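take a look and give me a structure for this.
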Amino acid sequence: MFDKKLLRNFDYTLLIVVLLISVIGVIIITSATQLNPTGDSYYYTRRQIAYIAAGLLVLLTMLSIDYHSILRIAKPLYIINLLLLTAVFVPGLGRAAGGGAQRWLSLGIIDIQPAEFAKIIIIITLAKFLVDQKNGIEDIYDLILPIGHVLVPMGLIFLQPDLGTAMVFIAILFGGLFFYRVKLKLLGYLIGAGILVGVPSFWLLLHEYQRQRLIVFLNPSNIDPLGDGFHLWQSMVAIGSGGITGKGLFEGTQNKLEFLPEAHTDFVFSVIGEEFGLIGASIVLLLFLILIYRILKIAYLSKDFYGTVICGGVATMLLFQMVVNVAMTVSMMPVTGLPLPFISYGGSGYLMNMMAIGLVLNVGMRRHKIMF
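Model (predicted):
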């Protein structure tokens, strides 16, 4: 039963910031989807509002369960996670997304994206795995099992293929190790090994269209605005044309004339830049920084290492996705298809993010013993 005394430590600021970002997301999605194949200008808007409502229910559910109880079922969660990630490849269960990628799982009346929920599951199970180590992590060999713990689900996601989401797991791994206070020297060795061994192997495993995206990124002066560089070029035009104050809500020409692809998902920040300009984009980024700061504060105040590693993992995950998405739209990183948390359209991603915030608030509420 939920004890109201726990609300004494509830971080209302964090929840308000999340809701503000979500409202901005609804507004931008509305603008980005005024012209869509359904013929209904508010089709995506209504669905996103429904996702927010469902997300709040998920958040409340996460608050009602002590996070230590969730940690106790870490092993079953990990196994279920692998089964769901494998199920997307099973004919009749898995459903292909755009481009033929096997990312969706059909569950009767709804479809879910297991890779999204895998993020929060791995944050939980990695925290449990690390903190329960009897002898800690003292040398490079002690990193083998934690790395394997993350690489297995990451590999399944990479095979879908979903490069962007797979990259998030690398961020979660480093975030978990850092907040577990693994020696920086060991993290340095891990980064070095990843560059020497991982990068060449990574390149060989990439699909042709993924390699082409990297080539476009590495050769910005040779971008073909009508070919492989179309997405990136239109995004930069949109943001650049917004100037300081933007063109105004619903007045983005790149968006309205349908030059900007995936405007309501991958390139939603481009819509923000075009319609609200540098000032509006900066306000959105400031809200994200406040969000990350509040999560890190809860991580610092957590009563145990479990809570610290969980919150650190969530902060790293959200920060990584935000940085990559924004950098992608201004040609500072290759196009990866990572959505902007709480703003980009999508049900699975939004529910996962709210689940993560609920878990962080859960840790924060239980950072002290209840005082009578």
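
give me the phi and psi for residue 146.
Per-residue torsions, residue 146: phi -60, psi -40 (degrees, to the nearest 10).

would you mind confirming that it makes contact with residue 127?
No. In this structure, residue 146 sits apart from residue 127 without contact. The criterion is CB atoms under 8 Å, and the distance is 10.7 Å. For every residue, glycine as well, the C-beta is placed using N, CA and C.

what's the longest strand along the chain in contact with?
In the chain, ranked by residue count with DSSP state E as the criterion, the top strand is strand 102-107. Taking contacts as CB atoms under 8 Å, 6 or more residues apart in numbering, the residues outside strand 102-107 that touch it are 84, 87-89, 92-97, 111-115, 160, 162.

how far does that strand sit from its chain's centre?
Averaging C-alpha positions (CA atoms, centre = their mean, to the nearest Å) puts strand 102-107 18 Å from its chain's average.

repeat that for stretch 339-349.
Relative to where its chain is centred, stretch 339-349 has its mean C-alpha point 8 Å off (CA atoms, centre = their mean).

for that stretch, what is the average pLDDT?
When pLDDT is averaged over stretch 339-349, the result is 93.

quick one: end-to-end length of that stretch, please.
Stretch 339-349 has an end-to-end distance of 8 Å (CA to CA, to the nearest Å).

buried residues, it. List them.
Neighbour-count burial for stretch 339-349, with 16 or more other CB atoms under 10 Å as criterion, is recorded at 339, 340, 341, 342, 343, 344, 345, 346, 347, 348, 349.

with stretch 87-95 instead?
Of the residues in stretch 87-95, those buried under the neighbour-count criterion (16+ other CB under 10 Å) are 87, 88, 94.

in helices, which of those residues appear?
Here DSSP state H is the test, and these give residue 87 as lying in helices.

which one of the buried residues of stretch 87-95 sits closest to residue 150?
Here the nearest of the buried residues of stretch 87-95 to residue 150, counting by CB to CB, is residue 88; it sits at 18.6 Å.

the closest one is in contact with residue 96, isn't it?
No. Distance between residue 88 and residue 96: 9.2 Å, which falls outside the contact criterion (CB under 8 Å).

state the pLDDT value of residue 25.
Model confidence at residue 25, expressed as pLDDT, equals 96.

how about the nearest residue to it, chain neighbours excluded?
residue 343 (3.7 Å; CB to CB, 6 or more residues apart in numbering).

I figured that neighbour was touching residue 20, is that so?
No. Taking contacts as CB under 8 Å, residue 343 lies outside contact range of residue 20: 10.8 Å.

state the mean pLDDT of the longest strand of the chain.
Over the span of strand 102-107, the pLDDT mean works out to 76.

before we move on, back to that, mark which of the buried residues of stretch 339-349 are part of strands, please.
Restricting the buried residues of stretch 339-349 to those inside strands, with DSSP E as the criterion, leaves an empty set.

how about the helix or strand harbouring residue 15, which residues are buried there?
Per DSSP states H and E: residue 15 is located in helix 12-32. Residues of helix 12-32 classed as buried: 14-15, 17-18, 20-22, 24-32 (neighbour count, 16+ other CB under 10 Å).
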